[in-house]
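Student: Provided below for reference: sequence and predicted model.
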Amino acid sequence: MIKLGVGIFPNPTGKQAPAFHSGWSATDPGGFVWIEDASADLLLEMPPALADILFEIDCFPVELSAPSPQRLTLFANGQFMGARLLRQRTTLTFHLPREVVTTRQLRLSLLPGMVEIPKLAGRNSDERALSVGVFSVCLRSAT
């Protein structure tokens, strides 16, 4: 069970933390994980939501060939929560209404706007389809 206000970080050694449910790379030596391919899910065991929640994600975009910023879209338990543009490392905040967090399990689905393979872009030998690097996530009470 997660605690509101406490950050969740990728596991630096071995198997990924259970919260990083699917669509994540192994932890990079820099302390972050990549969203690989078209989406990634966080699966969080929650206490009952007594108020709206803020989802915060400390992240950065993969260096894209195109000059446009990366877009990151969030769904909570299948409901659209918003999209944000990501140009550099920053903490994005999404508002989750209490009504969305109706069960003890909160599934947060992150969908990047663009995915790029660094090897095909000519930057390095990495053949993974990457989009957004994530250092940590946190849920906070909105009140």
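Tutor: Good, I have the coordinates.

Student: CA atoms for contacts and neighbours, from now on please.
Tutor: Fine.

Student: in stretch 135-143, what counts as buried?
Tutor: Judged by neighbour count (16 or more other CA atoms under 10 Å), stretch 135-143 contains these buried residues: 135-141.

Student: just the strands in this protein please.
Tutor: Under the criterion DSSP state E, strands of the chain are mapped to 20-22, 33-36, 40-45, 53-61, 70-76, 79-86, 90-96, 105-112, 130-141.

Student: Kindly format the C-alpha coordinates of the second one as PDB.
Tutor: What it means is strand 33-36. Extracted C-alpha coordinates of strand 33-36, given in PDB (Å, rounded to 0.1, in the frame of the first residue of the first chain):
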ATOM      1  CA  VAL A  33      13.300   4.100 -16.100                       C
ATOM      2  CA  TRP A  34      12.100   4.600 -19.600                       C
ATOM      3  CA  ILE A  35       8.600   4.100 -20.900                       C
ATOM      4  CA  GLU A  36       9.300   1.500 -23.600                       C
END
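
Student: ok, and what's touching that strand?
Tutor: With CA atoms under 8 Å, 6 or more residues apart in numbering as the test, strand 33-36 has contacts from 10, 23-27, 128-135.

Student: Quick check, His21 in contact with Asp41.
Tutor: Yes: proximity of His21 to Asp41 meets the contact threshold set by CA atoms under 8 Å, at 5.5 Å.
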